[in-house]
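>>> structure for this input, please:
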Amino acid sequence: MPRKFISHLNGGTTIDEIFLVQNKDLRTTKNGSLYIQAQLSDRTGMIDARMWDASTPFFESLGDDTFLKIKGRTEVYQNKIQLIIKQISKISQEEIKLEDYLPGTEQDVDKMFAELKQIASSIKQPHLNSLLNLFFNDKDFCRGFCSAPAAVQYHHAFLGGLLEHTLSVAKLGSNIAPLYPSLNKDLLICGIILHDIGKISELCYEKSFHYSDEGQLIGHLISGVLMVEEKAKQIDDFPKTLLDLLRHLILSHHGEYEWGSPKLPMTLEALALHYLDNIDAKIHAFDKAISSDKDSSDNWTNYNRMLERKLFKKSHEYV
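Have a look, this model is predicted:
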């Protein structure tokens, strides 16, 4: 029997499937009884789930298992589908098909990577060109760069998301650079391609999307700078100021101190990278929030805490 994916669920659907458990808590109702509150996911989305009449020993017996077999039934609550769990059981690793649980890009990865390398080939500055070639000739780097998500939740949170996001920003940079002659196009494009490479080690994406120890302790900005420095050392006479400018692009691309940027953009290329990166991330996050809203009776999404606003879902209908 084909799997029932979350995005296809309606109220009153009987469920007997393995889910990826994003989080679970043991909570207490107003009358003092215990229940399990969980968020379950597959590659198509997430669903809130509850199991009534739980107990502490049973909850503790589930441990920290990432995947669990869930039996229950869906219902509609406040215009959203939720799952009422009747039974939870552990499973063996052999029962898991990872492609059912981790969302992936809908684009062709090989074609995207080839297109990105084509954009990179436009760079004439020899040191920047050599630097990118060192990365593109590193099989481990390419494997991680083409597989990693761009984020855990916010934008491009799927396998191949880092590549898809980077390519989109690189296209934006290639298109706007001719409009502003003062921009150093070679520096901008190189900075765009490398600005998020630290996410390869910042994020874990084998069973679920979460931050690695390196990601928690250091973060992708610093990790990215260290990766660039390591490659630059392999290039004879790499100009120090050019390397400083490239490091600044990576360190400042979040744009604001409160957004985790250790430096504010202080070059034209850094300013451009920040806004190009931000526009691609914001548009993708907006689109995801609207497309994942299942309440077709309302023109507006619920309040989105990440974007700090409600979103109008029907603007495309007025063209």
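>>> now the strands for this structure?
With DSSP state E as the criterion, the chain has strands at 14-28, 34-42, 45-51, 67-77, 80-89, 203-204, 210-211.
>>> who does the helix or strand of the chain with the lowest mean pLDDT touch, helix- and strand-wise?
Ranking every helix and strand in the chain by mean pLDDT, DSSP states H and E puts strand 210-211 at the bottom, with a mean of 88. Secondary structure elements in contact with strand 210-211, counted by 3 or more CB pairs under 8 Å, 6 or more residues apart in numbering; DSSP states H and E, are strand 203-204. For glycine as for every other residue, the C-beta is placed from the backbone atoms N, C-alpha and C.
>>> which elements pack onto the strand it packs on?
strand 210-211.
>>> what pairs with the residue nearest to residue 91 when sequence neighbours are not counted across the strands?
Nearest residue to residue 91 in three dimensions, chain neighbours excluded: residue 69, at 5.0 Å (CB to CB, 6 or more residues apart in numbering). Bridge pairing for residue 69 (DSSP bridges) gives the partners residue 18, residue 89.
>>> you'd agree residue 69 is up against residue 20?
No. Between residue 69 and residue 20 no contact is recorded; they are 11.8 Å apart, counting by CB atoms under 8 Å.
>>> compare those two (neighbour count), which wins?
Here residue 69 and residue 20 are set side by side on neighbour count (other CB atoms under 10 Å), and the busier one is residue 20, at 21 against 14.
>>> and the residue nearest to the more buried one when sequence neighbours are not counted, what does it touch?
Leaving out its chain neighbours, the residue that sits closest to residue 20 by CB to CB, 6+ apart is residue 101, at 4.2 Å. Remark: with contacts taken as CB atoms under 8 Å, 6 or more residues apart in numbering, residue 101 is in contact with 19, 20, 41, 42, 43, 67, 207, 208.
>>> my guess is the fifth one contacts residue 7, does it?
No. Counting by CB under 8 Å, residue 43 does not reach residue 7; the two are 9.0 Å apart.
>>> of the two, give the one with the bigger neighbour count.
Set side by side, residue 43 and residue 7 show more neighbours around residue 43, with 19 against 15, by other CB under 10 Å.
>>> could I get the pLDDT score of that one?
Among the per-residue scores, residue 43 holds a pLDDT of 85.
>>> list the contacts for it?
The neighbourhood of residue 43, defined by CB under 8 Å, 6+ apart, consists of 5, 99, 100, 101, 102, 103, 104.
>>> same deal with residue 42?
Counting by CB under 8 Å, 6+ apart, residue 42 touches 3, 5, 6, 17, 19, 20, 100, 101.
>>> closest one of these to residue 136?
When the contacts of residue 42 are ranked by distance to residue 136 (CB to CB), residue 101 comes first, at 30.0 Å.
>>> could you list the buried residues of stretch 88-100?
Using 16 or more other CB atoms under 10 Å as the burial criterion, the residues of stretch 88-100 that qualify are 88, 100.
>>> one step back: TSV for the contacts of residue 43, including distance to residue 304 and pLDDT?
Shown next, in TSV, are these (distance: CB to CB, whole Å; pLDDT from 0 to 100):
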residue	distance to residue 304	pLDDT
5	23	92
99	28	76
100	27	86
101	24	86
102	23	85
103	19	82
104	24	86
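>>> other residues contacting the lengthiest helix in the chain?
Once the chain is assigned using DSSP state H, the helix that runs over the most residues is helix 268-291. Around helix 268-291, the neighbours that count as contacts under CB under 8 Å, 6+ apart are 150, 154-156, 165, 168-169, 172-173, 176, 180, 182-184, 187-188, 191-192, 195-196, 245, 248-249, 252-255, 265, 301, 304, 306-307, 311, 313.
>>> quick check: PyMOL command selecting the buried ones in these.
Remark: buried members of these, expressed as a PyMOL selection using 16+ other CB under 10 Å:
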select buried, resi 150+155+156+165+168+169+172+173+183+184+187+188+191+192+195+196+245+248+249+252+253+254+255+265+301+311+313
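>>> tell me which of the contacts of helix 268-291 fall in helices.
Secondary structure of the contacts of helix 268-291 is defined by DSSP H; positions in helices are 165, 168-169, 172-173, 176, 187-188, 191-192, 245, 248-249, 252.
>>> parallel or antiparallel, which strands does the least confident helix or strand of the chain pair with?
In the sheet, strand 210-211 lines up with strand 203-204 (antiparallel) (DSSP bridges).
>>> distance from the chain centre to the strand it pairs with, please.
Centroid separation for strand 203-204 versus its chain: 10 Å, with CA atoms, centre = their mean, to the nearest Å.
>>> now do it: everything it contacts.
Under CB under 8 Å, 6+ apart, the answer for strand 203-204 is 148, 149, 151, 152, 209, 210, 211, 212, 215, 220.
>>> the same query, at a cut-off of 6 Å, please.
By CB atoms under 6 Å, 6 or more residues apart in numbering, the residues outside strand 203-204 that reach it are 148, 210, 212.
>>> buried subset of the residues you listed?
Buried positions within the contacts of strand 203-204, assessed by neighbour count (16+ other CB under 10 Å), are residue 148.
>>> this completes my enquiry, with thanks.
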